[in-house]
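Undergrad: The following comprises the amino acid sequence and a computationally predicted model.
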Amino acid sequence: MQHAGDLALARLAQLLDELRTIDGRVERKPGIFCHRGRAFLHFYEDPSGLFADVKLNGFTFERRCVIASDQRQRLVIAVSKALA
């Protein structure tokens, strides 16, 4: 897997816009978010689709598929709760 490139991030534009509205995170580079100075959320692409790695528990990354809109919405909800 490789970090999501510009085309993949363009496909995730609406998701990224929603994530940018959540307090408590900083976007260091397009699609790469930190929380309290540490890596928190970033995106990957591979032939099977698009994925997010996110530290919802604050310690370990959890991989989540973000191909479908319902998967993306669940990610936004989970990130909102984790940073609340």
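TA: Nice, I can see it.
Undergrad: now for the longest helix anywhere in the chain, which elements pack on it?
TA: As assigned by DSSP state H, the longest helix anywhere in the chain is helix 69-83. Secondary-structure packing of helix 69-83 (3 or more Cβ pairs under 8 Å, 6 or more residues apart in numbering; DSSP states H and E): helix 13-20, strand 49-54, strand 62-65. C-beta: built from backbone N, CA, C; applies to glycine.
Undergrad: I'd like the average pLDDT over the next helix or strand after the longest one.
TA: What that stands for is helix 13-20. Sequence order places strand 26-29 as the next helix or strand after helix 13-20, per DSSP states H and E. Regarding strand 26-29, the rounded mean pLDDT is 92.
Undergrad: Quickly run through the sheet partners of strand 26-29, with directions.
TA: Applying DSSP bridges, strand 26-29 is found paired with strand 32-35 (antiparallel).
Undergrad: Looking at the helices and strands packed on helix 69-83, which one is packed in the most?
TA: A comparison of the helices and strands packed on helix 69-83 by mean neighbour count, using mean count of other Cβ atoms under 10 Å, puts strand 49-54 on top with a mean of 20.
Undergrad: Determine how far it lies from the middle of the whole chain.
TA: Centre-to-centre, strand 49-54 and its host chain are 7 Å apart (Cα atoms, centre = their mean, to the nearest Å).
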